[in-house]
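Colleague: Any chance you can model this:
(chains A and B)
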Amino acid sequence: METQPLEIQKKEYAKIVKEIRPKPPLLRNVAGAFVVGGLIAIIGQVFLNFYQGLGLSLQEAGAAGSATLIFLAALLTGLGIYDKIAEVGGAGTIVPITGFANSMVSSAMEYRGEGLVLGVGARLFTVAGPVLVFGIVTGWAIGIFYYFFR
Amino acid sequence: MTAPKKVGQQTVWFQNPPVIVAAATIAGQKEGQGPLSKSFDKVIGNDYYGEQTWEKAERRMLLEVMQTAVQKAGLTPEKIDYMLSGDLLNQIISANFTARDLGIPFLGLYGACSTMLESSAVGSMLIDGGFAEYVLVGTSSHYGSAERQFRFPTEQGVQRPLHTQWTVTGASAMVLARAGSGPRITSATIGKVIDLGQGDPLDMSSAMAPAAADTIARHLWDTGRQPGDYDLFLTGDLGIYGRKLAVSLLGQKGFNIDDRYQDCGAMIYYPEQDTHAGGSGCACVGLVACGHFLKEMAAGHLKRMFVVGTGALLSPCSTQQGETIPGIGHGILIES
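Modeller: As a prediction, this is how the structure comes out:
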């Protein structure tokens, strides 16, 4: 191996790494994401029904329900529980709005030591920023498409 | 004219092998719950260690461990000729600020997680070269401060792949001396930077294993020895899978060390602690080598061990720009 050209060494090595590196437990991860993500959705639905029961319209109850989920995710992040749930739930905890809340609160906590403005202020969107940027860009592109081709 | 103390391509023999007259360790909470907890001098109760930030906690551990090592050696900081240290944080602030507080002439070193061994090798050269009576070496790492520099905010919910390792929280230090009683550093092999094209920042062991294997093989070639001449080969933080990679690579080079090879990262946690592939970080090799193995040596269970510290020489910037991860491994030979 020593005398082989570097490119061949790299290829050979990549094979060994692939062999030795443990395979991700796909089935377990998918099941975890399904159950945890589903539970978050059910909790959202419970709040939606609750707020509708209080007399809010569907749209208003949706906003109130989302705000409640965001609050709960932020609280659980602050208590150090959300990341433990995410270890089981994976994508099921990242995709819902709770994942977005977690990414912002965890950044805020992380950079608190560097001060309010240059720490929390500047770094709050470190993780969530790309999501926003590409969410907005996609919305814009679809808007243009819709304008010309509807 | 060849250098009189150098042998082969990368190895030096010390004519007056420096003595490890004292070693000290401070471990984090999680490490204190692991299988080696009894071998540490001190375990901190919580990872903030009474400070406002993780960086400050790391620095406090490094300062205290350095002071403990100096005390154990029966010395004061004024007696130490050089302090050699480094850590994982940008511009090695833990080491710099500790050196400020100790007031010892200071050389800051960076070898990522190999820094403890890099410091020991250079410190031994300073002593054997006649430039120092006492050298203080040490390093630190902290799960919180390292994660946020290299990966994600700590509280962010992320599913870690099974091959990732857990950055060890802790600090370790040794006092090397020209004379005294204790195990001696008889030889050192300075590693080359090796890059076999691995680029996953969540899998640094694959990036470092080729460097570890290269340094071990180089040491054996340079000295003309066989694995059987040693009681133990110890790598710093390759973890469970990295250890297998190193064994496999060394097999290709014609050396079978599997029966006498341990990795600090694979030893420092229980499997139930859910760290996946084991520990990593500057403190990993320091805690296990200075804590567990030097005690084993003092008890007479080991006579000759070759310790290799491995470092992944990446930065968050290099990863984002699509670079692969170069690795390095420095080794020292410790004999009782």
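
Colleague: For A:Val117, give its distance to chain B.
Modeller: 17 Å (Cβ to the nearest Cβ, to the nearest Å). In this view, the C-beta of every residue, glycine as well, is placed from N, C-alpha and C.

Colleague: before we move on, what about A:Ile97?
Modeller: From A:Ile97 over to chain B (counting by Cβ to the nearest Cβ), the distance is 13 Å.

Colleague: Tell me the confidence at that residue?
Modeller: For A:Ile97, the pLDDT comes out at 93.

Colleague: contacting residues around it?
Modeller: A:66, A:69-70, A:73 (Cβ atoms under 8 Å, 6 or more residues apart in numbering or on different chains).

Colleague: and if we set it to 6 Å?
Modeller: A:66, A:69 (Cβ atoms under 6 Å, 6 or more residues apart in numbering or on different chains).

Colleague: same check, this time on B:Phe14
Modeller: B:124, B:128, B:186.

Colleague: show me what contacts the residue of chain B found nearest chain A?
Modeller: Using Cβ to the nearest Cβ, the point where chain B gets nearest to chain A is B:Gly157, with a distance of 2.5 Å. B:Gly157 sits next to A:82-83, A:86, A:93, A:102 when contact means Cβ under 6 Å, 6+ apart.

Colleague: is it fair to say it lies in a strand?
Modeller: No - using DSSP: H, G, I helix; E, B strand; the rest coil, the assignment for B:Gly157 is coil, not a strand.

Colleague: Of the contacts of B:Gly157, which are in range of chain B?
Modeller: A:82-83, A:86, A:93, A:102 (Cβ under 6 Å from any Cβ of the partner chain).

Colleague: pLDDT value on the residue in chain A that chain B sits nearest to, please?
Modeller: In chain A, no residue comes nearer to chain B than A:Ala86, which is 2.5 Å away by Cβ to the nearest Cβ. Looking at A:Ala86, its pLDDT is 94.

Colleague: got a list of what it touches?
Modeller: A:93, B:157 are the contacts of A:Ala86 under Cβ under 6 Å, 6+ apart.

Colleague: From B:Gln159, how far off is it?
Modeller: According to Cβ to Cβ, to the nearest Å, A:Ala86 stands 6 Å off from B:Gln159.

Colleague: ditto for A:Leu58
Modeller: 33 Å.

Colleague: more neighbours, the two?
Modeller: Each of A:Leu58 and B:Gln159 has its neighbours counted (other Cβ atoms under 10 Å in any protein chain shown); B:Gln159 has more, 19 against 9.

Colleague: Distance of the more buried one relative to A:Lys84?
Modeller: 11 Å.

Colleague: now swap in A:Thr126 and tell me
Modeller: Where A:Lys84 is concerned, A:Thr126 sits at a distance of 21 Å (Cβ to Cβ).

Colleague: So these two - more neighbours on which side?
Modeller: Using other Cβ under 10 Å as the criterion, A:Thr126 and A:Lys84 rank with A:Thr126 on top: 19 against 13.
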